[in-house]
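A.B. asks: structure for this input, please:
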Amino acid sequence: QVQLVESGGGLVQAGGSLRLSCAASGSIFSINTMGWYRQAPGKQRELVAHVTSGGFPNYADSVKGRFTLSRDNAKNTMYLQMNNLKPEDTAVYYCKADIRTHWAQPLYDYWGQGTQVTVSS
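C.D. replies: Residues are numbered from 1 along each chain as shown. All right, here's what the predicted structure looks like:
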C-alpha cells in the first residue's frame, strides 16, 4: 500500500509563511509527477503547483512569486514553502503523486488526506 501524509498546515496572519510537507511511503517503485492542490469552501479543487521527477515546478498564476515547490526524490518527499500568504489562500491543501508500485504496473494517482491552511486578515 502507498500512503501520502501531509503536514505543516495551520493558522497564520496575512503576510506570514507556512511550509507544507508531503511524504510518500509504502510499496513505491517510482514517482513521476507530484503536486499540490487546494480546495476552499464552496469551490472546486484547483492545482497550486506541480513538478515531474526531473523537471522544473509549474505554478498557478495566483501563487507565482510567493510559493515555492521543492522535492527530495531520495526521501519521496515534497515541500511547499508559502510566503506572503493572503486570506484567499485559505483552503485545505492536498498533495497528489503519480506512483508506480512495480516496474510492470502503470502509474496511479494517490492523494493525501489534506491539511488545513487558514490565513487571517
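
A.B. asks: so which residue of the chain lies furthest out from the middle?
C.D. replies: Most distant residue from the mean C-alpha position of the chain: residue 104, 26.6 Å away (C-alpha atoms, centre = their mean).

A.B. asks: list the contacts of that one.
C.D. replies: Residues near residue 104 by C-beta atoms under 8 Å, 6 or more residues apart in numbering: none. For the C-beta atoms, the positions are set from N, CA and C on the backbone; glycine is no exception.

A.B. asks: where does it sit, in terms of helix or strand?
C.D. replies: Residue 104 is part of no helix or strand when elements are defined by DSSP states H and E.

A.B. asks: which pLDDT value goes with it?
C.D. replies: We have a pLDDT of 94 for residue 104.

A.B. asks: surely residue 118 touches residue 10?
C.D. replies: Yes - between residue 118 and residue 10 there is a contact under C-beta atoms under 8 Å: 7.3 Å.

A.B. asks: and the gap between the residue farthest from the centre of the chain and residue 29?
C.D. replies: From residue 104 over to residue 29 the distance is 9 Å, taken as C-beta to C-beta, to the nearest Å.

A.B. asks: ditto for residue 14
C.D. replies: The value you get for residue 14 to residue 29, if C-beta to C-beta is used, is 42 Å.

A.B. asks: one more: residue 36?
C.D. replies: Residue 36 is 23 Å from residue 29, where distance means C-beta to C-beta.
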